[in-house]
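K.L.:
Turn this into a model:
(2 chains)
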Amino acid sequence: METTLEPTLSPQFSKLINRLNEVSDRKQMSVLHDHPWDLSPEGAWLKKRENLSIYGTEFYDLATEEERRLLSVYETGCWWHTFVIFENLVTEYYMKIINHESLAPFPAVIKYMHHFCREEITHALVFRKAMKHFSIAPFPVPDNLKDFYKDNAALADFPLKAVFLTIIIEWFAENNAMLDCNNDFVSPLARAVAVEHHKEEARHIEWGKSMIREFAERVPGFLEEAQEYTAPFMRNLLDMSTVNPETYARVGFSHPAFQDQERLFEAALFCENRDQINRRIMEPLLRFFVETTIYTPALHELWEAARFGPALEQVLARHNGRPDANDNLLDTPV
Amino acid sequence: MATDISKPDTLLHSVDDVIASMPARFHPENCRDLVATYQWKLSQPDRTFHISIDKGTFRIHDGAHPDPSVSIESSEEVYLKLVNGQMKDVMAVVTGKLRVRGSISLAQKLNRIFI
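P.N.:
Numbers count the residues shown, from 1 in each chain, chains lettered A, B, ... in the order given. Prediction:
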């Protein structure tokens, strides 16, 4: 496929767009054909036990095996529902950008944004279908996450900030989903949902990273703002997606210790196991923030305050801020 | 808001105690370039006040501001626990006991302005 782009797009970005269009032209996910929908939902685990929010805490030992399994179902269902919400939002934002026509001089970009929207709509349909398959009712979005997104992603005709936040939410959610299911203990359907999503989402993330690089270089004020709000935004996302009162309520743990919500939440958020999972989820993102100077040493204090200090130091020491060739890809599930 | 509020030397037992302690806890060097309004909307009992920060100075006002930069909503009990270091703000947020509206980056700065 040959596409002529205006000279204002960087050669790397043009090359990426052409490659992404070629891959999307070749194969896109199907709601009907790419997942083993005939598998029984009975007794299924939807994430590995080591990634349950209570794993590595005293509460894991106090839960029955069936409660742990149910937690795997509801914590995964909650993620799936988060994907449904944000994939729909991304589609809304991208259509807004397409309709704004400021990208009209870049037909290959518009073409990819159409592919992107088609893929995001399909993903949302698949996640919703998977929730129905496992009889998981939709989760209310926590008020704080809703406020936080609404107040910090001001919508304009060209919603750059919303696009940025949505991209990093999807990236981080994708890393989490891949880590949750890379174990053959997990339902093959849940693994297929994650893997098939990952095949397309990996492209979306590469595209998103390129867009963010372009925003950072070309849009006045974008980088300076992102340098201030990204650390607290990411921390809130991590914490709010780790523990959710609704998932615990749906499991209905029988042991009275689970009634002490503060102790339960504190144990889950601050245990060593969670810290290790969060570091793996965040490592590629932190590398990207360093590379794009969304993280800047001048504002290191903000990252420390958001509890990313040790993880950042590890990233800086190990990689010296250089991105890996394909750093949004974590382990491929078995 | 994702940081712990450091524990004051003596426990603050009421909202009035907290307000009275603010001049001593204020760090102008951490808000030299900042112009912002932080509002607290407390419940049980209801009380609303706001603080205007203007380049290293601050003023406290009773009542609501029409357009605060950040609005913080919680019960009085939770607010006092947070100020006294008896509850981490992250815990208050994830359990839904603390609601923060407005700019997340400005909200985070608050913990460096009143220490």
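K.L.:
If you count neighbours, what's buried in stretch B:12-23?
P.N.:
Using 16 or more other C-beta atoms under 10 Å in any protein chain shown as the test for burial, stretch B:12-23 gives B:Leu12, B:Val15, B:Val18, B:Ser21. Any C-beta I mention is one placed from the backbone N, CA and C, and that applies to glycine too.
K.L.:
ok now that stretch, how far from the chain's centre?
P.N.:
11 Å (C-alpha atoms, centre = their mean, to the nearest Å).
K.L.:
Other residues contacting that stretch?
P.N.:
Here stretch B:12-23 makes contact (C-beta atoms under 8 Å, 6 or more residues apart in numbering or on different chains) with B:8, B:42, B:47, B:49, B:51, B:58, B:60, B:76, B:79-80, B:83-84, B:114.
K.L.:
from the buried residues of stretch B:12-23, which ones fall inside helices?
P.N.:
B:Val15, B:Val18, B:Ser21 (DSSP state H).
K.L.:
Just put those in TSV and tack on pLDDT and distance to A:His204.
P.N.:
Listed next are these as TSV, based on pLDDT from 0 to 100; distance: C-beta to C-beta, whole Å:
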residue	pLDDT	distance to A:His204
B:Val15	93	47
B:Val18	93	46
B:Ser21	91	49
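K.L.:
so which of those residues comes closest to A:Thr242?
P.N.:
B:Val18 (30.0 Å; C-beta to C-beta).
K.L.:
Enumerate the residues of chain B near chain A.
P.N.:
Taking C-beta under 8 Å from any C-beta of the partner chain as the criterion, chain B approaches chain A at residues B:1-3, B:87-88, B:90-91, B:93-96, B:98-105, B:107-108, B:111-112.
K.L.:
Could you check which helix or strand contains B:Phe49?
P.N.:
strand B:47-54 (DSSP states H and E).
K.L.:
From the chain's centroid, how far away is that strand?
P.N.:
Counting by C-alpha atoms, centre = their mean, strand B:47-54 comes out at 9 Å from the chain centroid.
K.L.:
cool, and stretch A:60-75?
P.N.:
The answer for stretch A:60-75 is 23 Å, by C-alpha atoms, centre = their mean.
K.L.:
May I see the buried residues of that stretch?
P.N.:
So for stretch A:60-75, counting by 16+ other C-beta under 10 Å, buried means A:Tyr60, A:Leu62, A:Ala63, A:Glu67, A:Arg68, A:Arg69, A:Leu70, A:Leu71, A:Ser72, A:Val73, A:Tyr74, A:Glu75.
K.L.:
What are the neighbouring residues in contact with the third one?
P.N.:
By that I understand A:Ala63. Taking C-beta under 8 Å, 6+ apart, one finds A:Ile54, A:Leu71, A:Val251, A:Phe253, A:His255, A:Phe258 in contact with A:Ala63.
K.L.:
just the fifth one next, same as before
P.N.:
When the contact criterion is C-beta under 8 Å, 6+ apart, the partners of A:Arg68 are A:Arg49, A:Leu52, A:Ile54, A:Tyr60.
K.L.:
re earlier: could you dump the ones in helices among the buried residues of stretch B:12-23 into JSON lines and include distance to A:Asp180?
P.N.:
Listed next are those as JSON lines, based on distance: C-beta to C-beta, whole Å:
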{"residue": "B:Val15", "distance to A:Asp180": "43"}
{"residue": "B:Val18", "distance to A:Asp180": "42"}
{"residue": "B:Ser21", "distance to A:Asp180": "45"}
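K.L.:
From the contacts of A:Arg68, which land in helices?
P.N.:
If you go by DSSP H, those have A:Tyr60 in helices.
K.L.:
Chain B: which of the contacts of A:Arg68 is nearest?
P.N.:
A:Ile54 (14.2 Å; C-beta to the nearest C-beta).
K.L.:
quick one, phi/psi of that closest one?
P.N.:
Backbone torsions for A:Ile54, taken as degrees, to the nearest 10, come to phi -90, psi 0.
K.L.:
Distance of it relative to A:Asn175?
P.N.:
According to C-beta to C-beta, to the nearest Å, A:Ile54 stands 21 Å off from A:Asn175.
K.L.:
repeat for A:Leu71
P.N.:
20 Å.
K.L.:
could you pull out the helices for chain B?
P.N.:
B:15-25, B:76-83, B:89-94, B:104-113.
K.L.:
same check, this time on the stretch 101-250 of chain A
P.N.:
Taking DSSP state H, counting those that start in this stretch, the helices of the stretch 101-250 of chain A run over residues A:107-133, A:143-152, A:160-181, A:188-218, A:222-242, A:245-251.
K.L.:
picking that back up, so which of the ones in helices among the buried residues of stretch B:12-23 is the closest to A:Val195?
P.N.:
Nearest to A:Val195 among these, with distances taken as C-beta to C-beta, is B:Val18, at 51.6 Å.
K.L.:
Per-residue confidence, residue 103, what does it come out as?
P.N.:
All of this refers to chain A. Looking at A:Leu103, its pLDDT is 78.
K.L.:
I was after chain B.
P.N.:
pLDDT, B:Ser103: 83.
K.L.:
Touching, it and A:Phe233? I think so.
P.N.:
No - with contacts counted by C-beta atoms under 8 Å, B:Ser103 stays clear of A:Phe233, the gap being 10.7 Å.
K.L.:
Pick the most deeply packed of the helices of chain B.
P.N.:
By mean neighbour count, with neighbours taken as mean count of other C-beta atoms under 10 Å in any protein chain shown, helix B:89-94 ranks first of the helices of chain B at a mean of 24.
K.L.:
which outside residues touch it?
P.N.:
Against helix B:89-94 from outside (C-beta under 8 Å, 6+ apart): A:142, A:144, A:235-236, A:239-240, A:242-244, A:262, A:265-266, A:269, B:1-5, B:74, B:78, B:81-82, B:97-98, B:100, B:111.
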